[in-house]
Each structure stands twice: as structure tokens, then as C-alpha cells.
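Colleague: coordinates only, sequence not included:
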């Protein structure tokens, strides 16, 4: 069984029928999906969706691109929802310097507050970083260690080594299949196999041969095939390793 540890099938514009996407994933051998609620008005609906499907779990967080209106009072709702059984952790949170959607001071406030919450609740954390790895890693290096996952890792070798020193996991998506992503493949060839999970980030980052079309969890198989080529192992071995890693990171309930 494969696990898509990061998808956005809660967006009705791209997935008007989430149940159909879940069914296609299961038919492809992707038996567990983790959907991501990235802003306050998404959190409760994301939990409801996860609770409606046995294959679906979720994480919730205040994504840096939506932090322009960050209000610490709203974190009380996030904390309450973290107690629901299908909510496996906080995410995706972090820093984004590519887009100018939220001031950096607001991003840092939201990041630190959510890290405090994760520590208080003993929850794993999934991070978004875009053109901001150095600052994000510096923040994490200054704090107590928690289970960390760098979603859709796109950093350089030095940043991968810093993440590994923190005990972090990294998520592998469609870009591993792209012709120009040799640096990523080189990093993955050396990164410890027990710190890697699969994800699609659906509907974004479709793997070859679906690049340019909407992504979906069923395509996790193509990412597994590409990672198998990088590692020099079978796709079945990739499935076994990455599924075990996902269960270790997110908790036993994911694979129960």
C-alpha cells in the first residue's frame, strides 16, 4: 500500500467529487491519503471530509501565504480540532518568500505560535518552504526538536543536511520525475531512506506523464516509480519503506 501524505482534495474547484478521487487512488494501490487544511475557513470542512472516508486523514495549519490576516485568537479553534482522531498533526506551516501574499513578520508570528502549539500538544509538524529554507531551518535549529516533515522538498544539499541534522523527514512529489530535477534526485540518492515519504500535493505538481494537467492522489504510483529508479530498488520496496515511514511520522492510527 502507498500513502499520499499531502494532497488538497478538499478544494471543490479542483475536486468536485473527492470520493471519486479517493476511489481512483485506492484502485491504484494508494490506500491512505492525508488531506491538508491550509487556512481557518478550511479547517472544519477538511476534518469533516476526513471523518467521512476511512482512507482519509488530515493535517491542519495556517499556511504562510494566508497569514496576512493572522489572528492569534483563531488558534484556539486549531487547537480544539487537533484533538479529533483523524487530525494527525499541524501543517502545512512555514515561510514563503516567493509570493508576496503575507508580510514576513506575520509569517514569523504564525510560524512560532503554531510551533508552540505543536510542542504543547506533542504533534508532528509539516512545513511549507519556498525560497525560505535558510530562515525556516534557522528557526527550527533554535527550538526544541519535534517530528518535522519538509513537504515537497526543493532545497539544496546543504539544506537537506541541515534538515537531516534536525531528524526531519522530506516529502517527494512530482518534480522527482522532471528532467531538470537532477539535483533533487542526487540529494534523494544520499538521503536516508527511512526519512522519506511520498506525496502528490494534488492538484499541483503533476508527475510525468501528466505534467501540465491536474494532479491527483492516484498518481502517487508514478512518484514511487521515479524514486525506485533513484534508489535502485523495486517500486514495491519503495512502497514498503515510505509507507512504514509515514506510519512512524504520523502515528499508528494512519495504518491501522
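Modeller: On my side now, so go ahead. Quick caveat: nothing in here was measured; it's all calculated off a predicted structure.

Colleague: And the closest residue to residue 234 other than its chain neighbours, how far from residue 10?
Modeller: Distances taken as Cβ to Cβ, 6 or more residues apart in numbering put residue 228 closest to residue 234, at 6.0 Å, once the chain neighbours are dropped. (Each C-beta comes from the backbone N, C-alpha and C, glycine too.) Going from residue 228 to residue 10 by Cβ to Cβ, to the nearest Å gives 29 Å.

Colleague: Could you check which of those two is surrounded by more residues?
Modeller: Neighbour tally, residue 228 and residue 10, criterion other Cβ atoms under 10 Å: the higher count belongs to residue 10, 22 against 17.

Colleague: now the helices for the stretch 101-250 of the chain?
Modeller: Taking DSSP state H, counting those that start in this stretch as the test, the helices found in the stretch 101-250 of the chain are 104-121, 133-141, 157-165, 182-190, 220-231, 235-250.

Colleague: Figure out which of those is closest to residue 14.
Modeller: Among these, the nearest to residue 14 by Cβ to Cβ is helix 220-231 (16.5 Å).

Colleague: rewinding a little: enumerate every residue touching the residue nearest to residue 234.
Modeller: 234-235, 237-238 (Cβ atoms under 8 Å, 6 or more residues apart in numbering).

Colleague: Relative to residue 56, how far out is it?
Modeller: Residue 228 sits 26 Å away from residue 56, going by Cβ to Cβ.

Colleague: number of nearby residues for residue 189?
Modeller: Neighbours of residue 189 (other Cβ under 10 Å): 11.

Colleague: Give me the distance from the lengthiest strand in the chain to the chain's centre.
Modeller: When the chain is parsed with DSSP state E, its longest strand is strand 87-96. Distance of strand 87-96 from the chain centroid (Cα atoms, centre = their mean, to the nearest Å) equals 8 Å.

Colleague: In its sheet, which strands sit next to that strand, and in what direction?
Modeller: Sheet partners assigned to strand 87-96 using DSSP bridges are listed as strand 56-60 (parallel), strand 125-130 (parallel).

Colleague: What average pLDDT does that strand get?
Modeller: Computed over strand 87-96, the mean pLDDT rounds to 98.

Colleague: Also stretch 166-176?
Modeller: Average pLDDT, stretch 166-176: 98.

Colleague: any idea how far residue 47 is from residue 192?
Modeller: For residue 192, the distance to residue 47 (Cβ to Cβ) stands at 32 Å.

Colleague: now the farthest one out in the chain, which residue is it?
Modeller: residue 73 (25.0 Å; Cα atoms, centre = their mean).

Colleague: what about it, distance to residue 113?
Modeller: For residue 73 relative to residue 113 (Cβ to Cβ), the value is 11 Å.
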